[in-house]
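# Turn this into a model:
(chains A and B)
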Number of protein chains: 2
Amino acid sequence: MTSPPGLRSEFELIARYFAPLTRGFPGACDLRDDAAVISPASGCELVVKSDVIVGGVDFLPDASAGSIARKALRVNLSDLAAKGAVPRAYLLDLMLPASIGETWLAAFAAALASDQAEYGVHLAGGDMSATPGPVAIAVTVFGETPLGRIIRRFDARAGDGVYVTGTIGDAALGLGVLRDGAAGLADDAAAFLLDRYHLPRPRVGLGPRLVGLATAAIDISDGLVADLRHLCEVSGLSGTIAAAAVPLSEAARAALALDARRRATVLGGGDDYEILFTAPPDSAARVAALARASGVAITAIGHVSAPAAGERPGVRVLDESGQSLQLAAEGWTHFGAHAPG
Amino acid sequence: MTSPPGLRSEFELIARYFAPLTRGFPGACDLRDDAAVISPASGCELVVKSDVIVGGVDFLPDASAGSIARKALRVNLSDLAAKGAVPRAYLLDLMLPASIGETWLAAFAAALASDQAEYGVHLAGGDMSATPGPVAIAVTVFGETPLGRIIRRFDARAGDGVYVTGTIGDAALGLGVLRDGAAGLADDAAAFLLDRYHLPRPRVGLGPRLVGLATAAIDISDGLVADLRHLCEVSGLSGTIAAAAVPLSEAARAALALDARRRATVLGGGDDYEILFTAPPDSAARVAALARASGVAITAIGHVSAPAAGERPGVRVLDESGQSLQLAAEGWTHFGAHAPG
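Numbers count the residues shown, from 1 in each chain, chains lettered A, B, ... in the order given. Below you'll find the predicted structure:
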């Protein structure tokens, strides 16, 4: 079909908005072809991961082009970080409804350019399609780890300590602010939580430094308890964490002081994009040194152990008196929302 | 959120339908983790390509799960074939509306299993998301070529011959049968054309044998003339083909005999998934030998040349008397359908 008069063709749009994003990645050949070549550096292997986000499911329908672009790229970079991989390139599949115009595309590409510079990664290729549905974006990222050194989810060992980077629960509390208002929170605290919801900050610098230290790792996207459960289930272990040990931002502390029930949001809410990892019991000094060297807080919150006889791998969260907490909402899985039947 | 009672979680669905598709690809770790590791064989590099198909745009809304699965995978394999790459693995991103149930997923996975066996490729990972829109599928394929030997679109040289595999126009004529009925065609001819529309047959076996012979190649998805134009534009050349030389199936000949105006459909329609390539002028004997050895028809249809002074790279189609044909529809680009503004 012919494009309406005055509108650019797919090829012109690619040349204008996306080809510039491939500069610095020779294997993309300036997008003059539709496939890229890539090889890992000597002694390394490629780590590949794909993640899709859909309007109305993974981001709000009124989200800006820039925030959608950043989220699409950063959630994938966060996965790479948890594998200990250094990011190199990504492929971008765009599904765009007819309402999308060049203003949107220009803002989308500008946000990608900014994030590429921040995280040292390049566009390598992709595809565009029209859709009668909402904006949807699939990103495939390529990272590198030394051969055989990728950090997996399933290699935690009984006795390992459980650690998290940064602070937990800010994004979920930010989503609460967005839905229900600040409800007594100071403006700067509310703004901090909202920002943590809107803009993931993947631990790209720290992740590769976990190679040789972490026995297993996962990025926290579904929620602290849900993601620890994933790690424990595939490792065949039980996890125990102390709720009081979970690191909180000042804003999150203020939100909890106003309503203690928000603890369930902190432990069960998603979108932290921090790294949860396990490390051998004698690792405390090395973890502390890494935290100092990287400038990222790392907090010990519990341990993993062999399940008791007859017990299935799972997670226990203990309160201040050592009692198990029951959480109403422990995070969610994307596919759970489908109600397949 | 908790899945409704009786329905499987995302993790159960992955373990049941998708983990079995990764057997034979150790880097996927049975999908117990969400990233795969991959390295090219010694002396090779990876060729990566991503393509997305959307319900109501790239396939009919009532298409079966199996035909959608096959199309999603095969259009990507066709791209690899045109690069001269041997396929190895793929990532699958599924966007599924709430109406999709396990019966659909089971049929979808079964079709992928069958195609994996046919084409020697394995699932390596992916993602699933709910969507309020139609079914959409993004596939990223990984293939291998000897280092530096990928066949690009843009390396055609003035004087090269232009060749196509198989027969051209069957799929577009099949779409016509679907839309307008057989209109006088014999049943077996109509069935042949419909099948060519529904089921791409990527030239996976032939593609890698073009390395060292083809100077440039592209798979024909937008249409013969449109894809030759793409190749010519990025190579900075003009293409000239003879309409009478374009290889036709018996069914296509019958359709043209009934209505000569269908020539525009043959030359301009999409979805052939044959390979269009250029080769040096002295290649006729090597091309003939390859056709014999591979059992795939390969037909010379024209040549490429330096554009005349002041002329832009483009394509001329000559009729039997050597006059230039004007085609009303020379193929389309997916993004053209967006009407971005």
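
# Next one: the residue in the stretch 1-150 of chain A that chain B sits nearest to from A:Ala41, what distance?
Residue nearest to chain B within the stretch 1-150 of chain A (CB to the nearest CB): A:Gly133, separated by 1.5 Å. Yep, even glycine has a C-beta here, placed from its N, CA and C like the rest. For A:Gly133, the distance to A:Ala41 equals 39 Å [CB to CB, to the nearest Å].

# Tell me which of these two has more neighbours.
Between A:Gly133 and A:Ala41, counting by other CB atoms under 10 Å in any protein chain shown, A:Gly133 is the more crowded of the two (23 against 11).

# Assign that one to helix, strand or coil.
Three-state assignment for A:Gly133 (DSSP: H, G, I helix; E, B strand; the rest coil): coil.

# Tell me the confidence at the closest residue in space to it that isn't next to it in sequence?
Spatial nearest neighbour of A:Gly133, excluding adjacent residues (CB to CB, 6 or more residues apart in numbering or on different chains): B:Gly133 at 1.5 Å. With respect to pLDDT, B:Gly133 has a value of 95.

# Check A:Ala15 too.
Per-residue pLDDT puts A:Ala15 at 89.

# Ok, A:Gly236 next?
pLDDT for A:Gly236: 96.

# same check, this time on A:Pro313
89.

# Likewise for A:Gly239?
97.

# give me the beta-bridge partners of it?
Beta bridges link A:Gly239 to A:Val304, A:Val315 when assigned by DSSP bridges.

# For it, which residues are in contact?
By CB atoms under 8 Å, 6 or more residues apart in numbering or on different chains, A:Gly239 lies in contact with A:162, A:228-229, A:231-232, A:302-304, A:314-316.

# Quick one: which of those residues has the lowest pLDDT value?
Within the contacts of A:Gly239, the minimum per-residue pLDDT falls on A:Gly314 (89).

# what about that residue, neighbour count?
Close neighbours of A:Gly314, defined as other CB under 10 Å, add up to 15.

# Spatially nearest residue to it (excluding sequence neighbours)?
Here the residue nearest A:Gly314, using CB to CB, 6+ apart, is A:Ser238, at 5.8 Å.

# Same question for A:Phe108.
A:Ala65 (4.2 Å).

# what residues are up against the one you found?
Contacts of A:Ala65 (CB under 8 Å, 6+ apart): A:104-105, A:107-108, A:111.

# Now tabulate those residues in a markdown table and tack on neighbour count.
Output for the contacts of A:Ala65, formatted as a markdown table (neighbours: other CB atoms under 10 Å in any protein chain shown):
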| residue | neighbour count |
| --- | --- |
| A:Trp104 | 17 |
| A:Leu105 | 21 |
| A:Ala107 | 17 |
| A:Phe108 | 26 |
| A:Ala111 | 20 |
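
# Take those residues and keep only those in helices.
Judged by DSSP state H, these include A:104-105, A:107-108, A:111 as members of helices.

# can you redo the contacts of A:Ala65 as TSV with pLDDT?
Output for the contacts of A:Ala65, formatted as TSV (pLDDT from 0 to 100):
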residue	pLDDT
A:Trp104	96
A:Leu105	95
A:Ala107	97
A:Phe108	98
A:Ala111	98
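
# Would you quantify the distance from the residue of the stretch 1-150 of chain A closest to chain B to A:Pro97?
Taking CB to CB, one finds A:Gly133 at 7 Å from A:Pro97.

# do A:Ala107 as well
From A:Ala107 across to A:Pro97, the span is 16 Å (CB to CB).

# rewinding a little: would you check that the residue nearest to A:Gly133 makes contact with A:Ser129?
No: using CB atoms under 8 Å, B:Gly133 makes no contact with A:Ser129, being 11.4 Å away.

# Would you mind listing the residues touching both of the two?
Both B:Gly133 and A:Ser129 are contacted by A:95, B:54, under the criterion CB under 8 Å, 6+ apart.

# Can you list phi and psi of the residue lying closest to A:Gly212 once chain neighbours are set aside for me?
Nearest residue to A:Gly212, sequence neighbours excluded (CB to CB, 6+ apart): A:Arg149, at 7.2 Å. For A:Arg149, the backbone dihedrals (degrees, to the nearest 10) come out as phi -110, psi 0.

# Can you tell me the element A:Val317 falls in?
In the assignment (DSSP states H and E), A:Val317 maps to strand A:315-318.

# Using CSV, write down the CA coordinates of that strand.
Output in CSV follows, covering the C-alpha atoms of strand A:315-318 (Å, rounded to 0.1, in the frame of the first residue of the first chain):
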residue,chain,number,x,y,z
VAL,A,315,9.9,-18.3,51.3
ARG,A,316,9.3,-17.3,54.9
VAL,A,317,9.2,-13.7,55.9
LEU,A,318,9.8,-13.2,59.7
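
# Against which helices or strands is that strand packed?
In terms of contacts (3 or more CB pairs under 8 Å, 6 or more residues apart in numbering or on different chains; DSSP states H and E), strand A:315-318 is packed against helix A:224-235, strand A:238-242.

# who touches that strand?
Contact partners of strand A:315-318, identified using CB under 8 Å, 6+ apart, comprise A:225, A:228-229, A:232, A:238-243, A:267, A:324-325, A:327.
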